[in-house]
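In: Need a 3D model of the sequence below.
(chains A and B)
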Amino acid sequence: MQNRTIETGVGLFLLAGILALLLLALRVSGLSGSATSETYKLYANFDNIAGLTVRAKVSMAGVTIGKVTAIDLDRDTFTGRVTMELQKKVDNLPVDSTASILTAGLLGEKYVGISVGGDESLLKDGGTIHDTQSSLVLEDLIGKFLLNTVSKDAK
Amino acid sequence: MRSKSLLERIRLLGRAAIDILTVLGRSGIFLVHALFGRGGMGGSFQLLVKQLHSVGVMSLAIIVVSGMFIGMVLALQGFSILSSYGSEQAVGQMVALTLLRELGPVVAALLFAGRAGSALTAEIGNMKSTEQLSSLEMIGVDPLKYIIAPRLWAGFISLPILAMIFSVVGIWGGSWVAIDWLGVYEGSFWSNMQNSVSFTGDVVNGVIKSMIFAFVVTWIAVFQGYDCEPTSEGISRATTKTVVYASLAILGLDFILTALMFGDF
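Out: Okay, here's the model as predicted:
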């Protein structure tokens, strides 16, 4: 009898361990089965990607539809080339869609926002978004502002 | 009692080094023999279950209670700091990351060393001083296999489970304080947490950490008991050593593991 309670206790203990791992996986880290859903690649060249990082999300109308998988410098044009993986089910983006680097909240992380264009031909796997809008760099803005005031003063 | 000659000091240093190396080597051989010795674990499943009960199940209460309080304290502290930056929604991610990466494995291992490690040392030490170990050997039963191996395996299995339970209960306690008491919005609490916690990066690394701690703590505890002087004073010294060495090993290893896992090099 004593033995049985011990064994039941140990069984419950092991079950609690498995349950804890499941909770950590599903509830805390938000691991879901659709993580390996099919994706396709798109490229976009930005003049300045300042602050965008790999694994940043790609969203459209506020809905996350993919993530950034690589960022490197295009040697010929000296622009930052961002590789994105988008979900297969969003395969109807027009060729003239716009990609812009946006900031979530005032101090939040950077993400890529895509807004739809009007062209009839669609972007395919490995296609490039040409119409891009770079990240906002505070120093550039301040520089422009200062330049403006200086040229006004000179008049 | 003049100061010793240089040669004498070098000799003492050498002796200390040899002593340390002897103990290390002995404990290594002891571990290998206990785990992979003749016959392995055959037929001793019953013994393992019994040890899992006394090492794992009996430690559950202290793990659950302290995990919950630590989670609640983390949420309170995090809230008071983060709310001054207007980002109290990040409480969830702070509590979860702190627990999964550091506090879960480390505090669970420290509690385990105090609760189960010291008990293991005292139990085995007492068996040694009452000559139960040598009588086992006399009747042809290998004490390494019959006494030591089940305890080692029980420790290896229990601590990772205890650490995971610690984290889960801590996160639950934190969410209770943050959501129900401090009024953080529930949706942003959980979604912030899920956005920032990655399964392989944080959960799995935390479990790997606690596996390594389990190995070290149980090894130290069992070896100290097996190696102690068979007197009541020797047992008390061995128990103290277990807790001190295990705690130091946990904290030192934690730094190294954190540097390797999250240090980006």
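In: what pairs with the longest strand seen in chain A, and is each one parallel or antiparallel?
Out: Ranked by residue count and defined by DSSP state E, the top strand of chain A is strand A:63-74. For strand A:63-74, the paired strands and their directions (DSSP bridges) read strand A:57-60 (antiparallel), strand A:79-87 (antiparallel).
In: Worst mean pLDDT among those?
Out: Per-segment mean pLDDT for those reaches its minimum on strand A:57-60, at a mean of 84.
In: Need the pLDDT of the nearest residue to A:Gly117 once chain neighbours are set aside.
Out: Leaving aside its chain neighbours, A:Gly117 sits nearest to A:Asp96 (3.3 Å; criterion: C-beta to C-beta, 6 or more residues apart in numbering or on different chains). Every residue, glycine included, has its C-beta placed from N, CA and C. According to the per-residue confidence, A:Asp96 scores 86 in pLDDT.
In: okay, now A:Asp96: neighbour count?
Out: Around A:Asp96 sit 15 other residues, with neighbours defined as other C-beta atoms under 10 Å in any protein chain shown.
In: That one in helix, strand or coil?
Out: For A:Asp96, the reduced secondary structure class is coil; criterion used: DSSP: H, G, I helix; E, B strand; the rest coil.
In: OK, contacts around it?
Out: Contact criterion C-beta atoms under 8 Å, 6 or more residues apart in numbering or on different chains gives A:117-119, A:130-131 as the residues in contact with A:Asp96.
In: Up against chain B, what does chain A have?
Out: Taking C-beta under 8 Å from any C-beta of the partner chain as the measure of proximity, chain A contacts chain B at A:6-7, A:9-10, A:12-14, A:16-17, A:20-21, A:23-25, A:27-31.
In: Recalculate using a threshold of 6 Å.
Out: Within chain A, the positions lying close to chain B (C-beta under 6 Å from any C-beta of the partner chain) are A:6-7, A:9-10, A:13, A:16-17, A:20-21, A:23-25, A:28-31.
In: of those, buried ones?
Out: Buried positions within the residues of chain A next to chain B, assessed by neighbour count (16 or more other C-beta atoms under 10 Å in any protein chain shown), are A:6, A:9-10, A:13, A:16-17, A:20-21, A:23-25, A:28-31.
In: looking at this, A:Ile114 is in a strand?
Out: Yes. The assignment for A:Ile114 is a strand, going by three-state DSSP.
In: And the buried ones among the residues of chain A next to chain B, which is closest to B:Ile81?
Out: Closest approach between these and B:Ile81, by C-beta to C-beta: A:Val28, at 21.3 Å.
In: Domains in chain A, by residue range?
Out: Taking automatic domain parsing as the criterion, chain A consists of the domains A:1-31, A:34-137.
In: low-confidence ranges in chain A?
Out: Counting by pLDDT under 70, chain A contains low-confidence residues at A:1, A:30-37, A:105-108, A:154-155.
In: That one: strands as residue ranges?
Out: So, for chain A - with DSSP E - the strands run A:39-46, A:57-60, A:63-74, A:79-87, A:98-103, A:110-115, A:127-129, A:131-133.
In: Quick one: these as a markdown table, columns for distance to B:Thr121 too.
Out: Below are the strands of chain A laid out as a markdown table (distance: least, C-beta to C-beta, whole Å):
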| stretch | distance to B:Thr121 |
| --- | --- |
| strand A:39-46 | 54 |
| strand A:57-60 | 51 |
| strand A:63-74 | 50 |
| strand A:79-87 | 53 |
| strand A:98-103 | 56 |
| strand A:110-115 | 53 |
| strand A:127-129 | 65 |
| strand A:131-133 | 65 |
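In: Just put those in JSON lines and tack on mean neighbour count.
Out: As requested, the strands of chain A are exported to JSON lines (neighbours: other C-beta atoms under 10 Å in any protein chain shown):
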{"stretch": "strand A:39-46", "mean neighbour count": "20"}
{"stretch": "strand A:57-60", "mean neighbour count": "19"}
{"stretch": "strand A:63-74", "mean neighbour count": "15"}
{"stretch": "strand A:79-87", "mean neighbour count": "19"}
{"stretch": "strand A:98-103", "mean neighbour count": "19"}
{"stretch": "strand A:110-115", "mean neighbour count": "20"}
{"stretch": "strand A:127-129", "mean neighbour count": "18"}
{"stretch": "strand A:131-133", "mean neighbour count": "16"}
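In: Can you tell me which of those strands is nearest to B:Lys4?
Out: When the strands of chain A are ranked by proximity to B:Lys4, the top entry is strand A:63-74, at 63.7 Å, counting by C-beta to C-beta.
In: export the closest one as PDB, just CAs?
Out: C-alpha atoms of strand A:63-74 as PDB (Å, rounded to 0.1, in the frame of the first residue of the first chain):
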ATOM      1  CA  VAL A  63      -1.300  42.100 -39.300                       C
ATOM      2  CA  THR A  64       2.000  40.200 -39.000                       C
ATOM      3  CA  ILE A  65       2.500  38.300 -42.300                       C
ATOM      4  CA  GLY A  66       6.200  37.400 -42.100                       C
ATOM      5  CA  LYS A  67       9.600  38.200 -40.800                       C
ATOM      6  CA  VAL A  68      12.900  39.600 -41.800                       C
ATOM      7  CA  THR A  69      15.400  36.800 -42.300                       C
ATOM      8  CA  ALA A  70      18.600  38.600 -43.500                       C
ATOM      9  CA  ILE A  71      20.000  42.100 -43.900                       C
ATOM     10  CA  ASP A  72      23.100  42.800 -45.900                       C
ATOM     11  CA  LEU A  73      24.600  45.500 -48.000                       C
ATOM     12  CA  ASP A  74      24.100  45.500 -51.800                       C
END
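In: could you check the angle strand A:39-46 makes with that strand?
Out: With axes from the mean of the first three to the mean of the last three C-alpha atoms, to 10 degrees applied, the angle from strand A:63-74 to strand A:39-46 works out at 60 degrees.
In: how far out from the middle of the chain is strand A:63-74?
Out: Averaging C-alpha coordinates over strand A:63-74 and over its chain gives two centres that are 6 Å apart (C-alpha atoms, centre = their mean, to the nearest Å).
In: Provide the contact partners of that strand at residue level.
Out: The list of residues contacting strand A:63-74 from outside it, by C-beta atoms under 6 Å, 6 or more residues apart in numbering or on different chains, reads A:45, A:54-58, A:81-87, A:90.
In: likewise stretch B:224-243?
Out: Contacts of stretch B:224-243 with the rest of the structure, by C-beta under 6 Å, 6+ apart, involve B:113-114, B:117-118, B:121-122, B:124-125, B:128-129, B:220-221.
In: If you rank those by neighbours, which is first?
Out: B:Ala221 (32 neighbours).
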